[in-house]
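Novice: sequence-free structure coming up:
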Ligand code: NAD
């Protein structure tokens, strides 16, 4: 598939163009932002447990490095492609700039279903992939992190492989590491916590507060969905539905979230949870709730089902869960969409904290991490809210405008090499 073919890339591209035109962006800057700076495709051969050799496709894309080293996750999923990785890298450029981080946008991935591999096979895959992209990444160049299908253990193997190749320990090459080897307190929950913060900021703007009458549905109960559910549940909100790839569970009186978290953390699927009422993932998206958090994968709300989505606020926990057309349909009927590059930026913000702590070899307490996360997100949210008013656009476009404005300023100051 060519770079521009995937619907996800097309979608990221059209969001960029539409925000760029709205803010009268310099067309020369816009032209440069349409293309990733660099992309690498690698073959990742591993020996499977049965002795045979299998080759997987891997990618790392650096979209724009004007503001600093690349930053972005590594995804292990059967749908990974160069085009999808490039779109995700582009979103990372905008996400980092929106949060005011000194980082550019990057993303990587391997086309694999990690659930098909044993632990030993996954380790081999990660070590070979890390080796193949080792010349491309580094604490001053490009710093990967976990994404769908990868976790702290993946980052530990990645960091160890990179360190073996260089001959000394280099914790700053990845973030999202376990605490014992240089991870940051609060990183694991940071994306979901950020989603919960953003929902609270939106409620404050509407002069409302989260409480027992607030109903929430969450699509995807993983590294993003789980902590978001946990925080909102702790605030007293009723989480009426959650889902994973196997389906959704529903209780109109509110689910017992700590129990659901234990169930999933013990390796179980929600479909098999005893005593729960079951609905489909599609039905969850259409529930009449105050807040819907799509926190699984991209493209789950499109022009085909957007008119059925009834939630008042949609907080994009995942990257690109709503297509460009879906955003327009829902915004036109008065729904509020907290855009992905703002709503799920908690992860990259605390990743940045982890990188900074690693470089300083000085680690912060959890309270400091969460306070700094809150303050950065609040600043970003307020700026996006202000620009939505100035430019008379929805929050999604306002987030792109805020971010593009910062990137444009930096790109103009740095100029173009060789001129
Ligand atoms: P994860 O693998 O931990 O969890 C994904 C969840 O979605 C799981 O419950 C899984 O069962 C479910 N799921 C997967 N495919 C599905 C499908 N087709 N239909 C319904 N449910 C499905 O992944 P994650 O880290 O929570 O990431 C979720 C999304 O958030 C992705 O879009 C990712 O790019 C984005 N994101 C993650 C982070 C982070 O820090 N982990 C940061 C920013 C953005």
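Specialist: Thanks, I have the structure now. Bear in mind that the values here come from a model prediction, so they are computed numbers and not experimental data.
Novice: ok now do the residue of the chain found nearest the ligand, which residues does it touch?
Specialist: Of all residues in the chain, the one sitting closest to the ligand is residue 222 (1.8 Å; Cβ to the nearest ligand atom). All C-beta spots, glycine's among them, are computed from the backbone N, C-alpha and C. Counting by Cβ atoms under 8 Å, 6 or more residues apart in numbering, residue 222 makes contact with 148, 244, 295, 296.
Novice: cool, and residue 148?
Specialist: Counting by Cβ under 8 Å, 6+ apart, residue 148 touches 73, 75, 76, 77, 222, 297.
Novice: contacts with the ligand among the contacts of residue 222, please.
Specialist: Under the cut-off given by Cβ under 6 Å from any ligand atom, the ligand has 148, 244, 295, 296 from the contacts of residue 222 close to it.
Novice: just those residues now: which is nearest residue 235?
Specialist: Proximity of those to residue 235, judged by Cβ to Cβ, is greatest for residue 295, which lies at 17.1 Å.
Novice: Would you mind naming the helix or strand containing the residue nearest to that closest one when sequence neighbours are not counted?
Specialist: Leaving out its chain neighbours, the residue that sits closest to residue 295 by Cβ to Cβ, 6 or more residues apart in numbering is residue 317, at 3.1 Å. Using DSSP states H and E, residue 317 is not contained in any helix or strand.
Novice: Quick check, pLDDT for residue 317.
Specialist: We note a pLDDT of 98 for residue 317 in this prediction.
Novice: ok, how many other residues are close to it?
Specialist: 32 (other Cβ atoms under 10 Å).
Novice: what secondary structure does the residue of the chain most remote from its centre sit in?
Specialist: For the chain, the largest distance from the centre (Cα atoms, centre = their mean) belongs to residue 51, which lies 35.6 Å off. The three-state label given to residue 51 by DSSP: H, G, I helix; E, B strand; the rest coil is coil.
Novice: do residue 337 as well
Specialist: Going by three-state DSSP: residue 337 is strand.
Novice: ok, now residue 310?
Specialist: At residue 310 the chain is in coil, as set by three-state DSSP.
Novice: contacting residues around it?
Specialist: Residue 310 makes contacts with 286, 287, 288, 289, as judged by Cβ under 8 Å, 6+ apart.
Novice: Find me the pLDDT at the third one, would you?
Specialist: Among the per-residue scores, residue 288 shows a pLDDT of 98.
Novice: For it, grab the count of nearby residues.
Specialist: With other Cβ under 10 Å as criterion, residue 288 counts 11.
Novice: ok so residue 282 is a helix residue?
Specialist: Yes: judged by three-state DSSP, residue 282 forms part of a helix.
Novice: Tell me who's in contact with it.
Specialist: Taking Cβ under 8 Å, 6+ apart, we find residue 282 in contact with residue 305.
Novice: Residue 294 now?
Specialist: Contacts of residue 294 by Cβ under 8 Å, 6+ apart are 219, 220, 285, 300, 301, 314, 316, 317, 318, 321, 322.
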